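**Q** Below are the sequence and a predicted model for it; my questions follow.
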Amino acid sequence: MFETLKNLMVEELQLDPNEIKPESDLINDLGVNSIELADMIMLCEEKFGVEIEDDDIHKFVTVQDVADYLEAHKK
C-alpha cells in the first residue's frame, strides 16, 4: 500500500520520490498543504474505493498513517 500511495503522491503532488518514506511527516517533511491534502484524500477515495471520514483526516501525520488507514478500510 505504501508504494502505491507513494506513486500517487509523486504523480499528483509532484513530490520527490526520494523524500517520501513511511515515516515522512506530510506537512513538516513533505510540505503538503491543506489543499493538497484534500486533493490527495479525494484521489485515495477514488483509487482505493475508501470513504475517508473528515474526523479521521486529522489522524494523518505521516505517509504510513495514510497507508495504514487505506489498508484497513479498502474494499
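**A** Received, thanks.
**Q** Tell me how far V50 lies from P22.
**A** To P22, V50 is 19 Å away according to CB to CB, to the nearest Å. All C-beta spots, glycine's among them, are computed from the backbone N, C-alpha and C.
**Q** no, scratch that, I was asking about L5
**A** 10 Å.
**Q** Kindly report the same for H58.
**A** Distance from H58 to P22, by CB to CB: 19 Å.
**Q** between the two, which one's more packed in?
**A** P22 (14 against 7; other CB atoms under 10 Å).
**Q** got any ranges where this structure has weak pLDDT?
**A** Regions of the chain meeting the criterion pLDDT under 70 are absent.
**Q** Packing partners of the helix ranked longest in the chain?
**A** In the chain, assigned by DSSP state H, the helix with the most residues is helix 34-48. Judged by 3 or more CB pairs under 8 Å, 6 or more residues apart in numbering; DSSP states H and E, helix 34-48 is in contact with helix 2-13, helix 63-73.
**Q** Next, the buried residues of the longest one.
**A** Along helix 2-13, the positions that meet the burial threshold by neighbour count (16 or more other CB atoms under 10 Å) are 2, 5-6, 8-9, 13.
**Q** And the shortest one, by the same measure?
**A** Neighbour counts using 16+ other CB under 10 Å place 63-70, 73 of helix 63-73 among the buried residues.
**Q** So of the residues you listed, which two are at opposite extremes in space?
**A** For the buried residues of helix 63-73, the farthest-apart pair by CB to CB is V63 and H73; their separation is 16.2 Å.
**Q** Count the residues that sit near Q14.
**A** 8.
**Q** Backbone torsions only: list them for it.
**A** Main-chain torsions, Q14, degrees, to the nearest 10: phi 50, psi 40.
**Q** How much space separates it from N7?
**A** Q14 is 12 Å from N7, by CB to CB.
**Q** ok, now H58?
**A** 25 Å.
**Q** C44 now?
**A** On the measure of CB to CB, C44 and N7 end up 12 Å apart.
**Q** which one is the residue lying farthest from the centre of the chain nearest to, not counting chain neighbours?
**A** Computed with CA atoms, centre = their mean, the residue of the chain farthest from its C-alpha average is K75, at 17.2 Å. Excluding the flanking residues, the one nearest K75 by CB to CB, 6 or more residues apart in numbering is G49, at 4.5 Å.
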